[in-house]
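In: sequence and predicted model, in that order:
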Amino acid sequence: MTPTDTRRSFLTRTSTALGTAALATLLGRDVAVAGHRQPEDGLHHTARAKRVIYLFQSGGPSQLDLFDHKPGLVDRQGQDLPASIRMGQRLTGMTATQDAFPVAASTFRFARHGESGLELSELLPHTAKVADELCLVKSLHTTAINHDPAITFLQTGAQLAGRPSVGAWLDYGLGSENEDLPAYVAMVSGSGGQPLYDRLWGSGFLPSRYQGVKFRSVGDPVPFLSNPPGVDAGTRRRFLDDLRALNELGLESIGDPEIATRVAQYELAFRMQSSVPELTDLSAEPKHVFEAYGEDARKPGTFAHNCLLARRLAERGVRFVQLFHRGWDQHRHLPRDIAKQCADTDQASAALVADLKNRGLLDDTLVVWGGEFGRTVYCQGALTRDDYGRDHHPRCFSVWMAGGGVRGGHVHGKTDDFGYNVVENPVHVHDFHATLLHLLGIDHERLTFPFQGRDFRLTDVHGNVVDSLLANRRTT
């Protein structure tokens, strides 16, 4: 630097190169940006899946009433949970002051299904039909005991807000297969329960181009998708060309990569004016598709409708689709409320798996179903013969995966006789994330981003790939 140079002017000039590179990358030119630790050519190893559809069940579905059958609890109904089982583990403020922790056996019957004999609750008759496609993990466990930190942890690998979501990491690592649609789409259905903030599909400290795009059920699926009254497509195109020229001047002057992001997002929004209406128009879907997903698939904003859109997004190469369905936080009246939740989600979840398989997409599409934690074996509140509630339980819960290179008809992990602790093959959330990235061809230890003086990754400094979940175990 010359004596007349200031620190600001020096950083401005040097950052211009980074901003120009970012703009080139965003507009489709192959430019490497120093400091980024993306996979070479997109992949670290051969991928088993190209995309993910994550059916996130917000609130914490009860594994004991859906997936983790404990028939021995019937004989222990109403008995206090032994201290040797709880082992002094922490409780939420909602049950910590209870005088007793009475065991509540599930009121629902379980049966085995498919050639694999996968055991499922009677609440999931449609899921039972695709049992042989499911890889059921009964030993997932997490760190957080309350909703917001637990959902944030499942989404970002950290309990505190500010980290990139898993979909943003995938977009950053792999990019998009369709330049006319976002690489990451989020949709929300259900009512009540915990709030779902936009940061759950955000980009954190990654450039904002990697954040998820939320599709709405009312009006334009994406805000401001339609042109204002009196503005036609040609006028809009000329306006964007002029705006881009102004932004490029700003980029040359300031060098902020977020200006490049803004240019690219304007261009994506323009292309989405054609791609999104075609995507969301279900009129060409045959009758048998709606029969499979359920009539709710015709109603925007429902879980079934979003499942059908998820299949259409997968067909069009969208990298990560995440459906958030609220209402699983059943502290009271669980038998009544979980039946309603399953009626809203079971048919469409199973139809999605079957539909993807019929279209030849399941092999390279990973479908995930699960919430942020499980529920306690002991009852919260009053326990009667046919009614009970369950509190949050991070020590063990169940999720299922299908397609995308996982073992179908397989059960991984085991919990104790009370469904309270993992006793075989535990899977931490960091392990789950490492395995998900592995299936997509990414080494979770090598996908990093420099921030605040160190390289960050989705799994922080933890996580191991769970080989036994893979359809064919790794040989290297």
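Out: In hand now; what should we look at? Residues are numbered from 1 along each chain as shown.

In: going forward, measure contacts and count neighbours with C-alpha atoms only.
Out: Noted.

In: could you report the pLDDT at Ser208?
Out: Listed pLDDT for Ser208 reads 89.

In: could you count how many residues lie near it?
Out: Using other CA atoms under 10 Å, the number of residues around Ser208 comes to 17.

In: tell me the spacing between it and Thr46.
Out: Counting by CA to CA, to the nearest Å, the gap from Ser208 to Thr46 is 28 Å.

In: any regions of this structure where pLDDT drops low?
Out: 1-42, 223-225, 227, 235-237, 239-242, 255, 261-270, 272, 473-476 (pLDDT under 70).

In: the residue nearest the centre of it: what's it in contact with?
Out: Residue closest to the average C-alpha location in the chain (CA atoms, centre = their mean): Tyr54, at 4.3 Å. With contact taken as CA atoms under 8 Å, 6 or more residues apart in numbering, Tyr54 is in contact with Phe320, Val321, Gln322, Leu323, Val367, Val368, Trp369.

In: among the residues you listed, which one sits closest to Ser217?
Out: Taking CA to CA as the measure, Ser217 lies nearest Leu323 of these, at 12.6 Å.

In: burial of that closest one, as a residue count?
Out: A count of neighbours around Leu323, defined by other CA under 10 Å, yields 23.

In: tell me the secondary structure of it, please.
Out: Of the three states, Leu323 takes strand according to DSSP: H, G, I helix; E, B strand; the rest coil.

In: list the beta-bridge partners for it.
Out: Beta bridges link Leu323 to Leu55, Met187, judged by DSSP bridges.

In: how far does stretch 273-285 sit from its chain's centre?
Out: Put simply, stretch 273-285 sits 23 Å off its chain's centre (CA atoms, centre = their mean, to the nearest Å).

In: and it, C-alpha only, in PDB?
Out: Written as PDB, here are the backbone C-alpha positions of stretch 273-285 (Å, rounded to 0.1, in the frame of the first residue of the first chain):
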ATOM      1  CA  GLN A 273     -42.300 -16.300 -13.400                       C
ATOM      2  CA  SER A 274     -42.600 -19.100 -16.000                       C
ATOM      3  CA  SER A 275     -41.300 -22.100 -14.100                       C
ATOM      4  CA  VAL A 276     -43.300 -21.800 -10.900                       C
ATOM      5  CA  PRO A 277     -46.800 -21.400 -12.400                       C
ATOM      6  CA  GLU A 278     -46.200 -24.500 -14.500                       C
ATOM      7  CA  LEU A 279     -44.900 -26.300 -11.400                       C
ATOM      8  CA  THR A 280     -47.900 -25.500  -9.200                       C
ATOM      9  CA  ASP A 281     -50.500 -26.200 -11.900                       C
ATOM     10  CA  LEU A 282     -51.800 -29.600 -10.900                       C
ATOM     11  CA  SER A 283     -54.500 -29.700 -13.600                       C
ATOM     12  CA  ALA A 284     -52.600 -32.200 -15.700                       C
ATOM     13  CA  GLU A 285     -52.100 -34.700 -12.900                       C
END
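
In: torsion angles phi and psi at Ser185?
Out: One correction, residue 185 is Val, not Ser. Val185 adopts backbone torsions of phi -120, psi 130, taken as degrees, to the nearest 10.

In: break down the chain into its helices, ranges please.
Out: All helices of the chain, identified by DSSP state H, fall at 7-26, 63-66, 83-86, 147-156, 166-174, 233-254, 257-280, 287-293, 303-315, 334-358, 429-439.
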